[in-house]
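> Turn this into a structure:
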Amino acid sequence: MCLKKGGHTCYALNGLNRYHAILGGGPSFIVHPSNLAPALIAFDATVRIAGPDGKRSLVLDQFFTLPSMDATRENVLGTGEIIIDVIVPPPAASAGSAYLEVREKHSFDWPLVSAAAVLETGSSSNEVRRARVVLGAVAPVPWRSREAEHALIGAVLNRTRAESAAEQALKGARPLPHNAYKVAIARALVRRSVLHAGRVEEACDG
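Predicted coordinates:
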């Protein structure tokens, strides 16, 4: 039986794993199905949760859980709890954002990879003051890359810096036999989303 159903085996490991996780996988290698969640996390959204013990608030980045904690669960909701609000704070005036995805041709379902980026930059120097980079369809949770964010914060944004952030974002990737193609796509989407969010032309390196 599949791990998600309480069994002891992830059949993706030795099966057709073209669409499975390249980051954060194990023992289950599902990918999180939401297209919206990566963008909400990039915008620092919070959720309000109600349940038998009252109400609580949680940043969305801490809401989802990896299968290494419990393969049968995907979030921190307790018994009888539900989400009652999703709150997205207004972005700073200097913030730019981008959401990009790659799908298979004629696909109306889920992306192969997606990337959301929100950057706050200086008005004149284009120095990155704050960054959020979140990948979708590559991990069992919406995958926030703090490594990519650290590569950007304090630096002047250009193509070289965006490529460095993309490399950092995928440094820990561990693809399965059939999904290594996701690594190159994810790198490209991180680079492009960061440049777009920072209002830097793709071909510009200054």
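> Can you show me the helices along this protein?
Assigned by DSSP state H, the helices in the chain fall at 36-42, 146-152, 159-169, 181-197.
> Could you pull out the buried residues of the second one?
Along helix 146-152, these residues count as buried under the neighbour rule (16 or more other Cβ atoms under 10 Å): Ala148, Glu149, Ala151, Leu152. All C-beta spots, glycine's among them, are computed from the backbone N, C-alpha and C.
> picking up where we left off before, would you reformat the helices of the chain as a markdown table and include distance to Thr79?
Compiled in a markdown table, the helices of the chain are given as follows (distance: least, Cβ to Cβ, whole Å):
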| stretch | distance to Thr79 |
| --- | --- |
| helix 36-42 | 22 |
| helix 146-152 | 31 |
| helix 159-169 | 35 |
| helix 181-197 | 35 |
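> just for the protein, where's the confidence low?
Across the chain, the ranges flagged by pLDDT under 70 are 107, 203-206.
> Apply 90 and report the result again.
Filtered on pLDDT under 90, the chain yields the residue ranges 1-14, 33, 104-110, 122-126, 201-206.
> Could you pull out the strands in it for me?
Assigned by DSSP state E, the strands in the chain fall at 46-51, 54-59, 82-87, 95-102, 113-121, 128-136, 143-144.
> For Glu201, which of those is the nearest?
strand 95-102 (13.0 Å; Cβ to Cβ).
> Which elements pack onto the closest one?
Helices and strands touching strand 95-102, by 3 or more Cβ pairs under 8 Å, 6 or more residues apart in numbering; DSSP states H and E, are helix 36-42, strand 113-121, helix 181-197.
> Alright, I will stop here.
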